[in-house]
Each structure stands twice: as C-alpha cells, then as structure tokens.
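> sharing a model that was predicted from the sequence below.
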Amino acid sequence: MKRILIADDSQTAIMFIRRCLEIIGFQTAEFIEVSDGQEALAQIKEQVPDLLVTDLNMPGMDGLTLLKRVKANPRLHVLPVLIISSAKNPAREKELLDLGALAVLGKPVSPASLHHTLEPFIS
Amino acid sequence: MSSMDPSLITPLLKAVAETLENLAFLTVTAADAKAFEATGECLCATLPVVNPVNGEFQLEMPRELLERIAETVYFIPSEELEDATLLDTLCEILNTIGGRIMSLLLPEDQVFNLGLPSLHEDIPTSMPDENYFFEVEGLAFSLSISGPSLLQLL
C-alpha cells in the first residue's frame, strides 16, 4: 500500500487533493494529512512516505523550507515531493524543480494533471 | 465599478470559472451588482498580495453556494457541514482564485507571493476599489480588488 503525506493548511485543499488522487488510482493508499511543514517533517521522521504532496504557503514552516529540508537530508533526498500551490508560475516552477521537486502544479489541480504527473507511481 | 470592464472579463472570469469548475463542477458566468444585491447571507474572506505588488482580494459568497461546493468536495450532506468547513472552503476558493489571477496578469518570469487568507465575520462596510460580480445557478457572489499597485495590473 502506498503511503502519501499531504501538507496543506486548508482542510478543503487536502480533501480535494485526496479525492483527485483516489480517482486516478490511489484509492487504496494510506493518506496522512498535516497542516504545515513542521508537522510533515515529524511524520516523515516517524515513517518515510512514498510521496509527499505539499502546498507552499502555510503558516509555520512553509513548503519551500520543507522541500529544502527534505532534499538536504541524504536519507530523504529521493523522496518525491509534489508541490501544489496557488502561487505557481513558470519562474517559481523552475526554482522549485531546481531544488529537487518532482513537479509543480498550480491550484486548481485536476485529476488529469495529477495523473499525468504521477503515472509512474500508480501501480 | 458595478459591472465588468470588458477587458477584464477574460482573466478574472477565467480564474473564477476554472476554480469552481475544478473544485465542484460548477459553471460560472459574469453577473452584475443588482444580482449580488439580491443574494442572501454571505460569508467574506480576504487575501493579501505581498509581492511584487501590494493589495488585497476580497470574496463574498452566499452560504448556500458554499454549502454546494463543500458538499461536493467533502462528500457529505450540507446539514452535516460545520461552519468551520464552509469558512475553510471559502478561504481555499479565494486563495486559488487569487493565485490564478496573479499568474494570468503577471509576466511568466515574475514570481509573486500571496499572504494567508483570513475571514471577516463582519463584511467590511467600506467598498473596495473595484468590485466584480459572478453567478452560479442564480447565486451571485462578488470578488473585490483593492490596492493601487495591484489595481495597476488590471
């Protein structure tokens, strides 16, 4: 079973992303939901997920710091990190991809865009 | 402004329509102030824009429309939805619309930053600089934009 960690300060965003992931083939995945980067790191420390999906703009530790912390850790740097943010544009996308993000999707995300990005992870 | 400036219909309507269509399969059309005045109880949230310009988006949406959207996202009947869920839904809609508008208005190589959305229990009485109105199945709502440097983008 895949283990997917979703970090977003909006419960609505988490629910929507989760529904989209279930639609595209992750219906049997275990979802762990947290509201900021600090909580995400605590969860990752407990058990490394198969995929981290994170927003950028969150109170406390933001998604950019979370991405940098994950990619700076030799034990975690292969963890795929998908960024889903309302503040996405090509310049921001390049910055995040250079830091090691798997992909950057703008809100509103759709099942189709998630499927396109995550196809290799769907078993 | 009480009606849509035709040159703004495309980016603003596109941002609002994409957001509600993706979130809840709803079709959005442009509306006017008169339609919004007839709307019932509304909930209100604001979203600051902090870089590269300063300003604020404000979204006022009828409770009934928020209930429809939240029902779709959460898969639970409206009578079981808590106020906190509706307010979170409103903030997420505004966050998404604000981000889409900024990405449509700014050049591709321009990074932008938004603040965190916040709720207003009392709808502000002073009218923001620009008000735009939209409608979903007879339920009108308003998106307002304020701040000189943000408005210069329009």
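Received the coordinates, thanks. Remember, it's a predicted structure, so these values are computed and weren't measured experimentally. Residues are numbered from 1 along each chain as shown, chains lettered A, B, ... in the order given.

> so, low pLDDT: which residues of the chain?
Looking at chain A here, since you left the chain open. A:123 (pLDDT under 70).

> my bad, chain B
For chain B, applying pLDDT under 70 flags the ranges B:1-9, B:122-128.

> remind me, longest helix of it?
Scanning chain B for the longest helix, with DSSP state H as the assignment, gives helix B:83-105.

> how about residue B:65: what's its closest non-neighbour residue?
Once flanking residues are discounted, residue B:65 sits nearest to residue B:139: 4.3 Å by CB to CB, 6 or more residues apart in numbering or on different chains. Just so you know, the C-beta spots here come from the backbone N, C-alpha and C atoms, and that holds for glycine as well.

> what sits against that neighbour?
Counting by CB atoms under 8 Å, 6 or more residues apart in numbering or on different chains, residue B:139 touches B:39, B:62, B:64, B:65.

> what residues does the third one make contact with?
Under the criterion of CB under 8 Å, 6+ apart, the contact partners of residue B:64 comprise B:40, B:139.

> let's see 6 Å
Residue B:64 sits next to residue B:139 when contact means CB atoms under 6 Å, 6 or more residues apart in numbering or on different chains.

> which helix or which strand is home to residue B:131?
For residue B:131, the host element (DSSP states H and E) is strand B:130-136.

> what's the angle from the following helix or strand past that strand to helix B:83-105?
Note on strand B:130-136: by DSSP H and E, the next helix or strand toward the C-terminus is strand B:139-146. Angle between the axes of strand B:139-146 and helix B:83-105 is 60 degrees (criterion: axes from the mean of the first three to the mean of the last three CA atoms, to 10 degrees).

> that older thread, and the residue nearest to residue B:65, how far is that from chain A?
As judged by CB to the nearest CB, to the nearest Å, residue B:139 and chain A stand 18 Å apart.

> show me what that residue is bridged to.
For residue B:139, the beta-bridge partners are residue B:136 (DSSP bridges).

> ends of stretch B:120-140, how far apart?
Distance between the two ends of stretch B:120-140: 19 Å, counting by CA to CA, to the nearest Å.

> hang on, I meant stretch A:72-80
13 Å.

> ok, and what's touching that stretch?
Identification of contacts with stretch A:72-80 by CB under 6 Å, 6+ apart yields A:51, A:52, A:70, A:71, A:102.

> most neighbours, which of those residues?
Highest neighbour count within those, by other CB atoms under 10 Å in any protein chain shown: residue A:52, with 27 neighbours.

> give me every residue in chain A lying close to chain B.
Taking CB under 6 Å from any CB of the partner chain as the criterion, chain A approaches chain B at residues A:10-13, A:15-16, A:86-87, A:89-92, A:107-108, A:110.
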